[in-house]
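Colleague: mind looking at a prediction? Sequence and model below.
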Amino acid sequence: MVKFSNAMPLILALVMTGPALGQETAPAPAPEAPAAQEAPAETTATTAATTAAGDEIGKPYVAETFDDWQLRCVHSKDGSDPCQLYQLLTEANGNAIAEISLLALPEGSDAVAGATIITPLETLLPQMVNITVDKGKTKRYPFTFCANVGCVARVGLTEEDLASFRKGNTAVISVVPVADPSRTVDVSVSLKGFTAGFEAVKKTLPTAK
């Protein structure tokens with residue numbers, strides 16, 4: 001089974017120290033030490049807000065949901081949060097078995113979109129990733145690498161590929177398990193909400209703003 005992980009949270013530690021104040025001995029009672037000056041409420045609030053914003057850098061969040069797809073973004077320091085269209089793929093019993101994410105590519109690229117597909121580590125790599133939309137023509141893509149989260153295929157999608165995703169109802173991702181090369185594991189990808197979701201991803205491109 002695929003092991004999925006979130007982005008590592010950024011942990012910030014703030015240590016505040018102040019100088020120690022000494023007190024001299026005198027025959028007369030020593031004057032009371034002045035109370036520490038409190039920071040203005042506005043400054044305190046601004047500092048707290050800045051610290052909270054810094055804590056969010058690098059953390060993923062769901063910006064919008066489009067039926068069966070999520071627009072997932074990551075907090076960045078300058079506010080230009082990178083986003084991708086995401087769907088977690090499960091078995092009939094609800095266990096996560098794969099995931100797919102897509103992002104729009106700038107104009108002039110050979111592909112108009114990039115997809116990342118993650119499958120279990122026990123995948124027979126030479127059989128590649130097979131994608132079929134509504135029983136149409138099956139396309140095959142090689143795996144790029146395997147890591148702790150699973151085996152990853154990075155796929156370039158053409159305008160024709162996206163058109164089939166927009167018009168289709170279901171795409172099927174098929175892989176072959178190492179344990180039993182005689183069979184195929186098929187996982188359904190719902191295309192409900194894909195069109196609106198991908199348009200939202202396109203708007204996150206710097207050239208599209």
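Modeller: Everything's here; your move.
Colleague: in this structure, what helix or strand scores lowest on average pLDDT?
Modeller: In the chain, no helix or strand scores lower on mean pLDDT, DSSP states H and E than helix 41-56, which sits at a mean of 52.
Colleague: next structured bit after that one?
Modeller: As assigned by DSSP states H and E, the chain's next helix or strand after helix 41-56 is strand 60-66.
Colleague: can you give me the helices for the protein?
Modeller: 41-56, 159-167, 194-202 (DSSP state H).
Colleague: for Thr158, give me phi and psi.
Modeller: Taking degrees, to the nearest 10, you get phi -90, psi 170 for the backbone angles of Thr158.
Colleague: mind listing what it touches?
Modeller: Thr158 sits next to Ala111, Val112 when contact means Cβ atoms under 8 Å, 6 or more residues apart in numbering. Bear in mind the C-beta positions are built from the backbone N, C-alpha and C, glycine included.
Colleague: distance of it from Ala111?
Modeller: As defined by Cβ to Cβ, to the nearest Å, Thr158 lies at a distance of 6 Å from Ala111.
Colleague: with Leu103 instead?
Modeller: 11 Å.
Colleague: ok, Lys202 - how many residues close by?
Modeller: Residues near Lys202, counting by other Cβ atoms under 10 Å, number 16.
Colleague: may I have the beta-bridge partners of the closest residue to it other than its chain neighbours?
Modeller: Leaving aside its sequence neighbours, Lys202 sits nearest to Ala104 (Cβ to Cβ, 6 or more residues apart in numbering; 4.4 Å). Applying DSSP bridges to Ala104 gives these bridge partners: Ala113.
Colleague: residue contacts, Ala104?
Modeller: Counted by Cβ under 8 Å, 6+ apart, Ala104 has contacts Val112, Ala113, Phe198, Val201, Lys202, Thr204, Leu205, Ala208.
Colleague: try 7 Å
Modeller: Listed by Cβ atoms under 7 Å, 6 or more residues apart in numbering, the contact partners of Ala104 are Ala113, Val201, Lys202, Leu205.
Colleague: one more: Phe143?
Modeller: Per Cβ under 7 Å, 6+ apart, neighbours of Phe143: Leu125, Met128, Val129, Cys151, Val152, Ala153.
Colleague: again, only using 8 Å
Modeller: Phe143 neighbours (Cβ under 8 Å, 6+ apart): Thr123, Leu125, Met128, Val129, Cys151, Val152, Ala153.
Colleague: which of the residues you listed fall in strands?
Modeller: Mapping those onto strands (DSSP state E) picks out Val129, Cys151, Val152, Ala153.
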